[in-house]
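Asker: What follows is a predicted protein model with its sequence.
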Amino acid sequence: MFLPSGFFVASQNLARSFSVSAQRDGFKYVNAQEIPVDMKSITDRAAQTLLWTELFRGLGMTMSYLFREPATINYPFEKGPLSPRFRGEHALRRYPSGEERCIACKLCEAICPAQAITIEAETRADGSRRTTRYDIDMTKCIYCGFCQEACPVDAIVEHVFILFSFSHPNRSQQMAPPLPEPGSGHFFLLKGSFSFSLSPKYLLIGGYMIVGFFSVSIIVRSTVQYKAP
């Protein structure tokens, strides 16, 4: 008796389905979510599947942010408000006459939990003390502010950081220069690193690789023949 090949495929699929169902019955699911089978739940699931309600709901939320004020600022050219309890870089104050406030009492050195402050002092001609060395190891400092609170003459304060960043005048100097015009026969990559010159009649350029400080970007150009002078 001859049986078609499709019969064997159907029988294998049927046997596999029974084995999977039997295997699932052997498992015990923890906190299994029961799928409701009432007509309202079935209708809601069918509407979400057919009408893409969740998709349009997400797109609507995205579109709503297009008409709001941006939450980002152009830092460091624009800076946000700082908290009154902000603790920044340390600085020693002076009197309006130019005399330093620090009296070398070394209370800040004693109270520093990280032992980051080192003070050396000497006696003045009038008998008062003055500081000859005041060092703060910023790799140890935890910015707790205890030194500022312990100072009896308010000599040490913590002020806002002065950040180092690219400015518009030096940005063009520190970044790679633009590529030359086609046909010059000279092609330079990074300024100050290396350069090379090609002088055949036709140059076949496939791409340039520009190595940046934070990333590597590849500029792929289409195959174009450049005529050398």
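Answerer: That came in fine, so what should we check first?
Asker: make it CA atoms for all contacts and neighbour counts henceforth
Answerer: Will do.
Asker: From one end of stretch 135-142 to the other, what's the distance?
Answerer: 15 Å (Cα to Cα, to the nearest Å).
Asker: what's the average pLDDT for that stretch?
Answerer: Stretch 135-142 carries an average pLDDT of 90.
Asker: What are the contacting residues of it?
Answerer: If you take Cα atoms under 8 Å, 6 or more residues apart in numbering as the criterion, stretch 135-142 is touched by Ala114, Gln115, Ala116, Ile117, Thr118, Ile119.
Asker: so how many other residues sit close to the fifth one?
Answerer: With neighbours defined by other Cα atoms under 10 Å, the count for Thr118 comes to 14.
Asker: likewise the third one?
Answerer: Using other Cα under 10 Å, Ala116 has 16 other residues around it.
Asker: re earlier: show me which of the contacts of stretch 135-142 is closest to Val153.
Answerer: Ile119 (15.9 Å; Cα to Cα).
Asker: Assumed the closest one was part of a strand.
Answerer: Yes: under DSSP: H, G, I helix; E, B strand; the rest coil, Ile119 falls within a strand.
Asker: returning to what we had before: just flag the most distant two among the contacts of stretch 135-142.
Answerer: Among the contacts of stretch 135-142, Ala114 and Ile119 lie farthest apart (Cα to Cα), at 14.5 Å.
Asker: just to revisit the earlier point, dump the contacts of stretch 135-142 to a markdown table, plus distance to Cys144.
Answerer: Formatted as a markdown table, those follow (distance: Cα to Cα, whole Å):
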| residue | distance to Cys144 |
| --- | --- |
| Ala114 | 9 |
| Gln115 | 12 |
| Ala116 | 12 |
| Ile117 | 13 |
| Thr118 | 17 |
| Ile119 | 19 |
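Asker: Let me see the domain layout of this structure.
Answerer: 1-71, 89-159, 172-227 (automatic domain parsing).
Asker: quick one: which of those domains has the weakest pLDDT on average?
Answerer: Minimum mean pLDDT among these: domain 172-227, a mean of 44.
Asker: how many other residues sit next to Thr62?
Answerer: If we define neighbours as other Cα under 10 Å, then Thr62 has 11 of them.
Asker: List phi and psi for Glu158.
Answerer: phi -120, psi 120 (degrees, to the nearest 10).
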